[in-house]
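1. Pasted the sequence and its predicted model underneath.
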Amino acid sequence: MTTSPRPCPAQVPDSPAALRLARFFAAGCLGQALAALVRTGVVREMARDQPSSDELARRTGTHPETLSRFLRAGEAAGVFVADAPDHFVLSDTGELLVEGPGSLGGLLELANTGPVLAAWSAVEHTLRTGEAAFPVVHGSSLSDHLAHAPSLAGAVGRALEASVAARLVPRSVDLASVRHVVDVGAGGARLLAALLAAQPHLVGTLAGVPRAGREPVAEELRRAGVRSRCRLPDDDVLPRDGDVYLLCHVLPCLADEDAVAVLRSLARVLDNDARLLVIGFVPSARDRTPVIPAMGVWLATMCGGRERTEHEYSVLLDRTGLLLRARHGDRPDAECVLEVVRR
């Protein structure tokens, strides 16, 4: 009689060091489970009216017994709370999975999509060569892939809900004298829509939106009530009449030479009064969580990019005739705004 190998750990680790390593196994399993609960609408239904597990399964077309396992795994991680047998509610942590500003559900969803998980299978290529693994697996860069994959592009847009840029920009930069804001990120309309909705005197341009993603972006602008004040140009030509240009989480996705090319194209359209706002994480010695270093590994593997320190940004800007005038926000492990002008 032959037996198949057992695809599970032989025992629960019984030392602190072993437990720390085993948590990586658990985190990977739980991340995929939570992403599935987001995609199938389980989290949305839990947020709506707190149904029982059986009712959740009926509404979402999921297997009742397996759904209970997924929810109990989330409970063990503090994402859900069991307030009665087979009845789970969202904890404060679980609330962060619900779609909307500040949500982390989209980030988990993106990290556990098929194309991204497939790219991880070639992570050793990145480790050995420094080149992105995504093109090795898919035959095209992540950015080119997004242009023809609306579902993945949508996941990227939902992942950006975790960004606090919509609150950070108005707190950091006076927009009273600004009229035209140009978002060069093309990662969705959330940031620009939020700025236009909060600042009725502004008009906007969302540049570089792939053809496959134009209708979802237009619908997002309509829902925010700002479609009439936002242009969606058909080409990639940047308008020259912007007062403020936004690059939100764009440069970390690019290798140095590609980042320089983007900055040079912006330098050509910035007049003496216009400003470029680079929004993202700027690592420092004060950072204390593993999130930013882990993001660096993700960027290297998916797109060959990396997070950059303030000094490294200054070096890039110096090559393009631009100058870092100010940094807004210096909390560890938090987004900040780099205010850039022509030299």
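-> That came through fine.
2. need the contact list for Glu95.
-> Each residue near Glu95 by C-beta atoms under 8 Å, 6 or more residues apart in numbering is listed here: Ala47. Placement of C-beta: from N, CA and C, glycine included.
3. what's the distance between it and Ser68?
-> Relative to Ser68, Glu95 is positioned 21 Å away (C-beta to C-beta, to the nearest Å).
4. Which residues does the helix-or-strand element of the chain with minimal mean pLDDT contact?
-> Taking mean pLDDT, DSSP states H and E as the measure, the helices and strands of the chain show their lowest mean at helix 150-159, namely a mean of 82. Residues outside helix 150-159 that contact it (C-beta under 8 Å, 6+ apart) are 99, 103, 105-107, 109-110, 113, 115, 145-147, 187-190, 210, 212-213, 216, 220.
5. Isn't Gln281 up against Pro252?
-> Heads up, residue 281 is Phe, not Gln. Yes: Phe281 lies in contact with Pro252 (C-beta atoms under 8 Å); the separation is 7.3 Å.
6. Common neighbours of those two, please.
-> Shared contacts of Phe281 and Pro252, counting by C-beta under 8 Å, 6+ apart, come down to Met295, Glu307.
7. residues near the closest residue to Leu238 other than its chain neighbours, how many?
-> The shortest distance from Leu238 to any non-neighbouring residue, by C-beta to C-beta, 6 or more residues apart in numbering, is to Val269 (4.9 Å). Using other C-beta atoms under 10 Å, Val269 is surrounded by 17 other residues.
8. tell me the mean pLDDT for the longest helix seen in the chain?
-> Criterion DSSP state H: the longest helix present in the chain is helix 16-39. Helix 16-39 comes out with an average pLDDT of 92.
9. ok, now stretch 205-212?
-> 82.
10. shift numbering so it begins at 14
-> Fine by me, first position is 14 from now on; the one you just mentioned is stretch 218-225.
11. Buried residues, it. List them.
-> Thr218, Leu219, Ala220, Gly221, Val222, Pro223 (16 or more other C-beta atoms under 10 Å).
12. Can you name the residues in contact with it?
-> Outside of stretch 218-225, the residues within contact range by C-beta under 8 Å, 6+ apart are 159-163, 166, 193-199, 202, 205, 230, 234, 243-246, 249, 251-252, 255.
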